[in-house]
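Student: here you go, sequence then predicted model.
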Number of protein chains: 2
Amino acid sequence: MGLRELKMERTRALIAEKAFELFTTQGFEHTTIEQIAAAAEVGPRTLYRYFPTKEALIVNFVDIHLTASLDSLRAQPDDTPLASALYALVESVITSTTENAERVLAVYELAARTPSVQAQFSGLWSAWREACAAEVTRRHRGKPGDMCPSLAAATTMVVIDVCVRHWVESGGRANMRRLVNKALDLLRSGEVPIATP
Amino acid sequence: MGLRELKMERTRALIAEKAFELFTTQGFEHTTIEQIAAAAEVGPRTLYRYFPTKEALIVNFVDIHLTASLDSLRAQPDDTPLASALYALVESVITSTTENAERVLAVYELAARTPSVQAQFSGLWSAWREACAAEVTRRHRGKPGDMCPSLAAATTMVVIDVCVRHWVESGGRANMRRLVNKALDLLRSGEVPIATP
DNA sequence: TCCAAAATGGCAGTTAGTGCCATAATGCAA
DNA sequence: TTGCATTATGGCACTAACTGCCATTTTGGA
């Protein structure tokens, strides 16, 4: 990586950091792009070259972890059993969430207070789920139209989503890994009721 | 309902309809609020009294169905088995979707082309899922912290989501009810792989 | 017929986001 | 080291989404 890219990466991080600080102290809506740009000592026009929208300044922090988890799914050899490959993905989310607990909690709190941020987050999760489903489908090699891979991916994502929510609601005090394993057990054992006519 | 409210309801519908027309012909981003207001023969300021944001003008169409489905869950007697109550909810989505197939397809196509709309939709689904989970939890009367109701609700929502996507991808030609029952069967029979260490 | 309440919409203002272009910084090659 | 081509920067002008405020109009009912 050249010196140029390094410096830009640093600027990017600085902008995100300053934005985060201002958002947490003043609230998302009461912080303007100008303020953030000023705090990071760049022009507003430059800020927009690093982050396309105001929301991206927060979403960014979760995006990193989700992208990493997708990578760790892709990193599994193609002949890994699907259940194991999916667990690698789950594992990745668990570690990145708990290792950055404070930041994640703050981001979620911020999102809870701001509809537009909330929406962007939902969109991010949704896109991530799509991407995971695509990867699972590729591995599964079933007939097109088979819903099994989509369901497997979606179910896994839902477990993660539910567990992260529970974890956030506990203020980060719950044990995330235990939560996830409990949830997976419930699903596997059929204790979770499924809609029936 | 008074005559006044009736007229307002009509205005609301007219605005939404004109917005929909303009969005489908010109695209979401290339349509301005002014154009929509002009088409509906109201002032822009008035339009904003009916719809808080531009995105709400589309989201509206799906919102109606999701709200209705939630109502049909609430309408079930409290002693209905959870699996049956959840099926009533599923049933509601199936009928409202297929009965408004054309409109739903158009809306989804529009959303697929516009990130901000996409995000709003994800947010809507997410909020709906939360609301359903709350209702399921209420019915379940388990200990607080029990993840079973959240999982039951989330799993059902995910089935609906996956099926609707498949249905949309088929251009509305697939049989939605068959799709849903197939998916529910797969889940119930344990054919869908669950992440395992 | 008149009145109180409520809907409407015009106006001014804020802010997010974009295109364009001049300027400044930087890596590289001579 | 110097000069050049490339690339980041940021200023300016502009569009369009939204908001608060207030005057005007409409409307349902007494």
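Tutor: Right, received. Where do you want to start? Residues are numbered from 1 along each chain as shown, chains lettered A, B, ... in the order given.
Student: okay, now the residue of chain A found nearest DNA strand D: neighbour count?
Tutor: Residue of chain A nearest DNA strand D, by Cβ to the nearest atom of the strand: residue A:43 (2.6 Å). Using the backbone N, CA and C atoms, a C-beta is placed for each residue, glycine as well. Close neighbours of residue A:43, defined as other Cβ atoms under 10 Å in any protein chain shown, add up to 12.
Student: and it, what does it touch?
Tutor: residue A:37 (Cβ atoms under 8 Å, 6 or more residues apart in numbering or on different chains).
Student: repeat that for residue A:92.
Tutor: Going by Cβ under 8 Å, 6+ apart, the list of residues near residue A:92 reads A:65, A:68, A:69, A:72, A:73.
Student: with distance to residue B:147 and pLDDT added, can I get those residues in a markdown table?
Tutor: Output for the contacts of residue A:92, formatted as a markdown table (distance: Cβ to Cβ, whole Å; pLDDT from 0 to 100):
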| residue | distance to residue B:147 | pLDDT |
| --- | --- | --- |
| A:65 | 21 | 94 |
| A:68 | 25 | 95 |
| A:69 | 20 | 96 |
| A:72 | 24 | 96 |
| A:73 | 23 | 96 |
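Student: which of those fall within helices?
Tutor: Using DSSP state H, the members of the contacts of residue A:92 that fall in helices are A:65, A:68, A:69, A:72, A:73.
Student: and the gap between the second one and residue A:106?
Tutor: The one in question is residue A:68. Per Cβ to Cβ, to the nearest Å, residue A:68 is found 19 Å from residue A:106.
Student: tell me the buried residues in the lengthiest helix in chain A?
Tutor: When chain A is parsed with DSSP H, its longest helix is helix A:115-140. By 16 or more other Cβ atoms under 10 Å in any protein chain shown, the buried positions in helix A:115-140 come out as A:115-129, A:131-133, A:135-137, A:139-140.
Student: same question for stretch A:153-160.
Tutor: Quick answer for stretch A:153-160 (16+ other Cβ under 10 Å): A:153, A:154, A:155, A:156, A:157, A:158, A:159, A:160.
Student: how about stretch A:160-177?
Tutor: Buried residues in stretch A:160-177 (16+ other Cβ under 10 Å): A:160, A:161, A:162, A:163, A:164, A:165, A:166, A:167, A:168, A:176.
Student: which stretches of chain A have low pLDDT?
Tutor: For chain A, the stretches with pLDDT under 70 are A:1.
Student: up against DNA strand C, what does chain A have?
Tutor: Residues of chain A found near DNA strand C (Cβ under 7 Å from any atom of the strand) are A:2-4, A:7, A:31-34, A:44-45, A:48, A:52-55.
Student: try it again with 10 Å
Tutor: Neighbours of DNA strand C within chain A, by Cβ under 10 Å from any atom of the strand: A:2-8, A:28-37, A:43-49, A:51-57, A:116, A:120.
Student: still on that earlier bit, would you mind trimming the buried residues of stretch A:153-160 to those in range of chain B?
Tutor: Among those, the residues lying close to chain B (Cβ under 8 Å from any Cβ of the partner chain) are A:154, A:155, A:156, A:157, A:158, A:159.
Student: the nearest residue to residue A:159 once chain neighbours are set aside: neighbour count?
Tutor: Excluding the flanking residues, the one nearest residue A:159 by Cβ to Cβ, 6 or more residues apart in numbering or on different chains is residue A:183, at 4.9 Å. When neighbours are counted by other Cβ under 10 Å, residue A:183 registers 25.
Student: CA atoms only for whichever helix or strand residue A:183 is part of, dumped as CSV, please.
Tutor: Per DSSP states H and E, residue A:183 falls inside helix A:176-188. Coordinates of each C-alpha in helix A:176-188 appear next as CSV, following Å, rounded to 0.1, in the frame of the first residue of the first chain:
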residue,chain,number,x,y,z
MET,A,176,-23.2,-13.6,23.4
ARG,A,177,-21.8,-17.0,22.5
ARG,A,178,-24.1,-18.7,25.1
LEU,A,179,-27.0,-16.8,23.7
VAL,A,180,-26.3,-17.9,20.1
ASN,A,181,-25.8,-21.5,21.1
LYS,A,182,-29.0,-21.5,23.1
ALA,A,183,-30.9,-20.1,20.1
LEU,A,184,-29.4,-22.6,17.7
ASP,A,185,-30.2,-25.4,20.0
LEU,A,186,-33.8,-24.2,20.3
LEU,A,187,-34.1,-24.2,16.5
ARG,A,188,-32.4,-27.5,16.0
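Student: which strands and helices sit next to it?
Tutor: Under the contact criterion of 3 or more Cβ pairs under 8 Å, 6 or more residues apart in numbering or on different chains; DSSP states H and E, helix A:176-188 touches helix A:82-99, helix A:148-169, helix B:148-169.
Student: residues in contact with residue A:120?
Tutor: Going by Cβ under 8 Å, 6+ apart, residue A:120 touches A:53, A:55, A:56, A:58, A:59, B:119.
Student: for residue A:121, same thing?
Tutor: A:59, A:62, A:111.
Student: and the residues you listed as JSON lines, adding secondary structure, neighbour count and distance to DNA strand D?
Tutor: What follows is the contacts of residue A:121, written out as JSON lines (DSSP: H, G, I helix; E, B strand; the rest coil; neighbours: other Cβ atoms under 10 Å in any protein chain shown; distance: Cβ to the nearest atom of the strand, whole Å):
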{"residue": "A:59", "secondary structure": "helix", "neighbour count": "21", "distance to DNA strand D": "17"}
{"residue": "A:62", "secondary structure": "helix", "neighbour count": "23", "distance to DNA strand D": "23"}
{"residue": "A:111", "secondary structure": "helix", "neighbour count": "22", "distance to DNA strand D": "18"}
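Student: farthest-separated two in the contacts of residue A:92?
Tutor: A:65 and A:73 (13.1 Å; Cβ to Cβ).
Student: against residue B:195, how distant is residue A:80?
Tutor: Counting by Cβ to Cβ, the gap from residue A:80 to residue B:195 is 12 Å.
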